[in-house]
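Novice: Return atomic coordinates for the entry below.
(chains A, B, C and D)
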There are 4 protein chains.
Amino acid sequence: MTKVAFIGAGRIGQTIIYSTLLSGVVDQAIIFDILPNLPQRFKDELMHGLGSARINTKIFATNSIAEVTDADIVLISAGKPRQANQSRTDLFNDNAKIMIDFAKVLPKNNPKALFIMVTNPVDQMASVFMKYSGRLTISSGAQVENTRLRSFIAEKLGVNVDAVEGFTGGEHGEGLSIFWDTVTVNGLPFDEAAKGRLTREEVATYVKGIAAQIIAVLGGTAWGPATTMRDIIVAVSTNENRVMSIAAPLKYKDETIHVSRPTIVGSRIGPSLEKSLSEEDQRLLNAAADKMYNEYKELINNLK
Amino acid sequence: MTKVAFIGAGRIGQTIIYSTLLSGVVDQAIIFDILPNLPQRFKDELMHGLGSARINTKIFATNSIAEVTDADIVLISAGKPRQANQSRTDLFNDNAKIMIDFAKVLPKNNPKALFIMVTNPVDQMASVFMKYSGRLTISSGAQVENTRLRSFIAEKLGVNVDAVEGFTGGEHGEGLSIFWDTVTVNGLPFDEAAKGRLTREEVATYVKGIAAQIIAVLGGTAWGPATTMRDIIVAVSTNENRVMSIAAPLKYKDETIHVSRPTIVGSRIGPSLEKSLSEEDQRLLNAAADKMYNEYKELINNLK
Amino acid sequence: MTKVAFIGAGRIGQTIIYSTLLSGVVDQAIIFDILPNLPQRFKDELMHGLGSARINTKIFATNSIAEVTDADIVLISAGKPRQANQSRTDLFNDNAKIMIDFAKVLPKNNPKALFIMVTNPVDQMASVFMKYSGRLTISSGAQVENTRLRSFIAEKLGVNVDAVEGFTGGEHGEGLSIFWDTVTVNGLPFDEAAKGRLTREEVATYVKGIAAQIIAVLGGTAWGPATTMRDIIVAVSTNENRVMSIAAPLKYKDETIHVSRPTIVGSRIGPSLEKSLSEEDQRLLNAAADKMYNEYKELINNLK
Amino acid sequence: MTKVAFIGAGRIGQTIIYSTLLSGVVDQAIIFDILPNLPQRFKDELMHGLGSARINTKIFATNSIAEVTDADIVLISAGKPRQANQSRTDLFNDNAKIMIDFAKVLPKNNPKALFIMVTNPVDQMASVFMKYSGRLTISSGAQVENTRLRSFIAEKLGVNVDAVEGFTGGEHGEGLSIFWDTVTVNGLPFDEAAKGRLTREEVATYVKGIAAQIIAVLGGTAWGPATTMRDIIVAVSTNENRVMSIAAPLKYKDETIHVSRPTIVGSRIGPSLEKSLSEEDQRLLNAAADKMYNEYKELINNLK
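Specialist: Below is the predicted model of the structure:
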């Protein structure tokens, strides 16, 4: 019996919910959105799809956050999208206030829930929500980038995506670290497997730049990230103990921040595997943590 | 080895493709759309999602219809959407011309393919494509309505969707026939199971009206129909022999038209099960066929 | 919520139970066997396997038939195996008495259940159980032979098993009818697809003789038939509406007998599709029904 | 494309092969056994089952070890079962000789394969095979015990097996270590969750003793362990990166031995997570490693 609450049913939220329910691991779903009729009509769509797929999930749609109760997992994708000319600081401020509001009501009504953050800036929103709720919160972190890294290398080298292993971490997005010493193709180190056919630089350019290219054509990324979110929920609810580059909480100086690193994801989150990384990869991770701490600290201090 | 070509990667096309590839039954996919970069960037999204889901489908994205070759199944969702003030005749004419163009190139390059029509008006487009291509073409027909019927009854009576059986047919959409003698709940006839709690009229109102309500809020139906399309592809490619209310070709007077009725869907399409329907349900089906023939005949005769 | 009771946990029973539970469609299972500790220790094995597979089926093991209650499906594999020198009449008499005993207690404690017979002689035992219980009973019939037919043709012609379609029916076992007009390979009629590479006779020899060859080496058939039983349970419990050559009840003269023919299997059983068979195939089916009636009539009349 | 070779098709071998192929992750399977006709007739059974399940695995059955080539994974279950009065030393000697023979031919014909040992005494046989083949070899180790621990606690506390987390390790079998600091129920430490309802001692008694009880009634354990083997193969072939208590190679003094501990299983094996265990749990693991080294050293030195 897994009960999952989805806070937000916009474009990315809908894609995550659809993908997750179709996996069959969710027994009960709560769908919340502030827009009238939106969760209700989306529930109809889901009921039709699940009916075809012969999946018996019970769905409860609501416009009232107070009706989101007793979930095992709460996934938050609600919030404002980044506007064209909006600064990162303004986006942080706008969405942080929303998270602080959620933190007042969701934790007490969902006393056993794990919280998964999707709203951007995702790692910082996870930290804000955790700070104000006092509850375990993770973000998908760089796990989406793991799948970009692996699928691009597989495509370019003509192997199955299952044959490519490798982790990314640190910051989510353009400041991403690629832990090159973890990247293998059919068990061979990347440099050896790719020699003469693909360079580290080409991989890094793709992994860091593809999101912007997708957004330019499709208006946003949705299908790739949504599948990753689904797989995080599946890993938690089936206690899969799968290693993923999620951003789990990290106590750093006087704050709890969220930094992506290979982490075991099951009914428990962790341990993280930074000690299994090479010295060079650990150095990258530590530099990222320091930078992320400083950025977060400045933002959270200036939040009014 | 199943190779599926998807003609069109708009909103509904993307949802169908995502859902179908995630089912794992497709070994090779071809994605065609005329918009530059659209199939290519959507392929990136899919690669990331499939990488997370550990599915090794090979995807080929193209803007050239001539590169769509050797598919086992060709699903066509390309075409113009209905404009606000557009008549049904104008929509028919616009999309029929597109189908006739496709019929010149797709059949000869895909000599073994089954063609599945999604473009609206869907049953008529299936007939047009089949007329001009000479190739077996089906449409999803009223199978989407089957899932709406079953999931609504399940929700209202508080049973699992698997416990509700029942078929619709005839016209796709508002002129739909519900074959009430096939509708059961936990094996009991609908009227007996629903007595005092749900009426035939309430069910019919929902099944025929819910699409418009979804469109009003979400801008279109996608998740429900896409899952049904996925399940038709799964049934064909795994030879599932599942009974579905698709619109298979029906020789009627001097034309081949597409009329929805319970039909066995596997590596072969059919037989259709109209003879297993009750007399009353057969009467509904025959009336629908006659009406659909007349409408189609007028449209196709006036097509220039 | 599907609750399945398994009556008998011998070699074939264990294989069916394992395969079925691993499919994930069963929420609650009851395992009955008269041997002390057998269902209990087998339950331990299953719990370990399901724990690995992350499936949460609740299992109740019992040596008391009175504790088998409220199942949606009751599958009966209990009974005596055929002894080396035992006549078919003696086997019928031995197991018919067991079925009559079960018919006194299982139906009233499982008022909504569908009964599925596995005990040999399987079609006759289904008829005996249905006669004495007054409850809908089916047997797997010739569905196992369908899979033998299809997999042998696929192997010999080098195509995927999904590409081969075809149904068998009539008697289960050596008197089996092959409905040749339903047999296709990639949509082509068998004779055309197999020309020069495989004959009807070779196929018939394999389909009718392979069970004996397997028994000679492995001591019994289990893995193949068990998977078929699993798929019948899956089709019923998920309302799959899959066409299978099960033996559903057939009113013939003054008796209800069980004769295999293509039948829609979902939350309801039927309709059967004999009317969709070719004239020649219908002739084979009718001859089989007549022969099976006569044999059953003689056996049931002489049963003391 | 995953190609898996199964060396041995006895009772446990058959159960593993069936379970693994039914998972759908294997594209090609090789089944080897020395008994004439055994792999061939078992292949027939599998073909029938996979035909029903619509899985297209290609199977090659052989009595010649030289025909086992180019596999990605080689699972070895062949060998002599322990006789009633046989000493552990005699069993070691008998099966070690078989492994040394296999080590002469399998590695060179399967240059990319991962080797998985199932033959008993399983951890020692893994070490012998790795010593003589020079190739990466793992055994299922204590992963079977993990599933026994988790499913027993779930059953006794009335929770889903997914809600119970916990690892065992060290020796496979009766000398097993339970890493109590990893055992949680719905995220709570075991002692807190189980207070007054279940003791550590009851759990340990079950986990260490249930195999003997199953053997006494069923003649051997098969269904539970086979599912675990399947899940190891699935984890490797889909690069699942799942944490399992397999026995991976451990360099200990002058030998490579196999000691069970939580280890990441994907397309690569490892890293092992002993450093994430509590101090007390690490102490248990180290003591086990030392004992296992001494036993293995004595056996391998006396092997003639």
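Novice: is it true that A:Thr182 lies in a strand?
Specialist: Yes - counting by DSSP: H, G, I helix; E, B strand; the rest coil, A:Thr182 is found in a strand.
Novice: tell me the contacts of it?
Specialist: Going by Cβ atoms under 8 Å, 6 or more residues apart in numbering or on different chains, A:Thr182 touches A:Glu165, A:Gly166, A:Phe167, A:Pro262, A:Leu277, A:Ser278, A:Asp281. Any C-beta I mention is one placed from the backbone N, CA and C, and that applies to glycine too.
Novice: For D:Ser272, see how far away the fifth one is.
Specialist: Spatial separation of A:Leu277 from D:Ser272 under the definition Cβ to Cβ, to the nearest Å is 15 Å.
Novice: Then A:Gly175?
Specialist: A:Gly175 is 31 Å from D:Ser272, by Cβ to Cβ.
Novice: more crowded one of the two?
Specialist: D:Ser272 (24 against 13; other Cβ atoms under 10 Å in any protein chain shown).
Novice: pretty sure the more buried one is touching D:Pro262, no?
Specialist: Yes - D:Ser272 is in contact with D:Pro262 according to Cβ atoms under 8 Å; the separation is 6.8 Å.
Novice: Direction included, what does the least confident helix or strand in chain A by mean pLDDT pair against?
Specialist: When each helix and strand of chain A is scored by mean pLDDT, DSSP states H and E, strand A:269-272 comes last, with a mean of 91. Sheet pairing for strand A:269-272, assigned by DSSP bridges, gives strand A:263-265 (antiparallel).
Novice: buried residues in the host helix or strand of A:Asn301?
Specialist: A:Asn301 is located in helix A:279-302, with elements delineated by DSSP states H and E. The neighbour-count check on helix A:279-302 (16 or more other Cβ atoms under 10 Å in any protein chain shown) flags A:Asp281, A:Gln282, A:Leu284, A:Leu285, A:Ala288, A:Ala289, A:Met292, A:Tyr293, A:Glu295, A:Tyr296, A:Leu299, A:Ile300 as buried.
Novice: All the helices of the stretch 101-250 of chain A, residue numbers only.
Specialist: A:122-133, A:143-157, A:190-194, A:200-218, A:223-237 (DSSP state H, counting those that start in this stretch).
Novice: Return the residues of chain A in contact with chain C.
Specialist: A:Met1, A:Gly24, A:Arg54, A:Asn56, A:Thr238, A:Asn239, A:Glu240 (Cβ under 8 Å from any Cβ of the partner chain).
Novice: Quick check on those residues: which are buried?
Specialist: A:Arg54, A:Asn56, A:Thr238, A:Asn239, A:Glu240.
Novice: mind checking pLDDT for the second one?
Specialist: Put plainly, it is A:Asn56. Note for A:Asn56: predicted pLDDT of 91.
Novice: Stretch A:232-242 and chain D in contact?
Specialist: Yes - judged by Cβ under 8 Å from any Cβ, stretch A:232-242 and chain D are in contact via A:Ser237, A:Thr238, A:Asn239, A:Glu240, A:Asn241, A:Arg242.
Novice: Now do that stretch: everything it contacts.
Specialist: Residues external to stretch A:232-242 that are found in contact with it (Cβ under 8 Å, 6+ apart): A:2, A:4, A:20, A:23, A:25-26, A:72-73, A:75, A:114, A:116, A:138, A:140, A:143, A:231, A:244, A:246, A:264-267, A:269, C:54, D:162-165, D:240-244.
Novice: ends of it, how far apart?
Specialist: With Cα to Cα, to the nearest Å as the measure, stretch A:232-242 spans 9 Å from end to end.
Novice: Could you do stretch A:170-179 as well?
Specialist: End-to-end distance of stretch A:170-179 (Cα to Cα): 9 Å.
Novice: right, quick check: that stretch against chain B, any contact?
Specialist: No - if you take Cβ under 8 Å from any Cβ as the test, stretch A:170-179 misses chain B, and the best it gets is 14.1 Å.
Novice: What average pLDDT does that stretch get?
Specialist: Mean predicted lDDT for stretch A:170-179 stands at 89.
Novice: Check which residues of it are buried.
Specialist: Neighbour counts over stretch A:170-179 (16+ other Cβ under 10 Å) mark A:Gly170, A:Glu171, A:His172, A:Gly173, A:Leu176, A:Ser177, A:Ile178, A:Phe179 as buried.
Novice: go on, stretch A:121-140?
Specialist: For stretch A:121-140, by 16+ other Cβ under 10 Å, it's A:121-133, A:135-140.
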